[in-house]
Structures are given as C-alpha cells and as structure tokens.
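Engineer: pasting the structure only:
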C-alpha cells in the first residue's frame, strides 16, 4: 500500500511584506502614469511619444509581474518515504526546493525559535510564517549539505512522516510524548 499525501501551504505575509508590496504597487503605478503623461507631451514627435508609451506599458507590466511574485505557496508531497518540497509563486511558477528521504532524517520535531543552527547548516523555510505549529527536520542533503527544513505538515503528512522515520527518531518522539504527559 502506498503512503501518499499532498499539501498546499500558503505563506502568510508579515505587515512589512504587505507594506513593501503596496509601496511597489504605488511606485509602479506612479512610474507608469508619469511615463504615459510624458509620452502625451511628446505628441509633436511621434517617435518619442511611441517610445514613451512603450516604456509606460513596460513599467505597467513590470509592476504587475513584481507584485504577483510576492504571492508564495509551498507544496509538500510525501510518497512512500520521499518528501518533496516545491515553492509556487503567483500560482504559476513552480520551483523545486528539495527532495529527501524521510528515513535519512537525523532529527525531527516541533520547531522552537531558540533552536541552535550551525554555521554550515542550510536552513530551508517552507512555512506559512505561523510559528506555533512549525516542525523541523535535520538531514544530510546531497546539494545543500547539512540541512534543516522548517515546515508545517498537516495531520496526514505528519502521520506519513512519522511512519517513515528511522527507528531511533520514533523512539525519541515517543519518549518526548511521554515526558509531556
């Protein structure tokens, strides 16, 4: 029987990120309007007016493209012990972040902000920015070296991950659960 789960996690924006997007949008609109006005002022020179309108259209499209790029989601796919993480930008562009075998995890559990990270560790954050339900997984990755993944698996994904963990981590998690009771 195959163990499979798929999960989509929308990244919640901080107020700084929202402010940055609004500022980019306002500046882009102002630049587009300014270029359009300048091109209309050049109507006596058709070539300059045409160039100004092309620049205004390019600025408008660039603004749209940049603002759309601020909408981020993460997709977790678990298949028979293999965990794949992808980043989806503006529901259009998909980038594979990493793929790992859960059986290679050296540490796994609830993530806490005070957890120590070494200088040679690559941290991959594929979270919704809500710290209360984040998990971490440490493992050796062929491309990134020592890696810590910070993510927010749902119950089905979490259950599949727990089943595929190495025995040593299963025992450790069971012990931690008993200590919390």
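Structural biologist: In hand now; what should we look at? All values reported here derive from a predicted model rather than from experimental measurement. Residues are numbered from 1 along each chain as shown.

Engineer: which residue sits farthest out from the middle of this structure?
Structural biologist: For the chain, the residue at maximal distance from the C-alpha centroid (Cα atoms, centre = their mean) is residue 44, at 49.1 Å.

Engineer: what about it, which SS state?
Structural biologist: In three-state terms, and counting by DSSP: H, G, I helix; E, B strand; the rest coil, residue 44 is coil.

Engineer: how about low-confidence regions in this protein?
Structural biologist: Filtered on pLDDT under 70, the chain yields the residue ranges 1, 179-181.

Engineer: all helices for it, in order.
Structural biologist: Assigned by DSSP state H, the helices in the chain fall at 15-41, 46-68, 155-164, 167-180.

Engineer: count of neighbours near residue 61?
Structural biologist: When counting by other Cβ atoms under 10 Å, one arrives at 12 neighbours for residue 61. Placement of C-beta: from N, CA and C, glycine included.

Engineer: and it, how far from residue 91?
Structural biologist: As judged by Cβ to Cβ, to the nearest Å, residue 61 and residue 91 stand 18 Å apart.

Engineer: out of the helices of the chain, which is the most enclosed?
Structural biologist: With neighbours taken as mean count of other Cβ atoms under 10 Å, the helices of the chain reach their highest mean count in helix 155-164, at a mean of 16.

Engineer: that one - contacts with which helices or strands?
Structural biologist: Judged by 3 or more Cβ pairs under 8 Å, 6 or more residues apart in numbering; DSSP states H and E, the packing partners of helix 155-164 are strand 4-10, strand 72-79.

Engineer: can you tell me which of those strands is packed in deepest?
Structural biologist: Among the helices and strands packed on helix 155-164, strand 72-79 has the highest mean neighbour count (mean count of other Cβ under 10 Å), at a mean of 18.

Engineer: give the pairing partners of that one; include direction for each.
Structural biologist: strand 4-10 (antiparallel), strand 82-89 (antiparallel) (DSSP bridges).

Engineer: and these: which comes nearest residue 76?
Structural biologist: Residue 76 lies closest, by Cβ to Cβ, to one member of the strands paired with strand 72-79: strand 4-10, at 4.6 Å.
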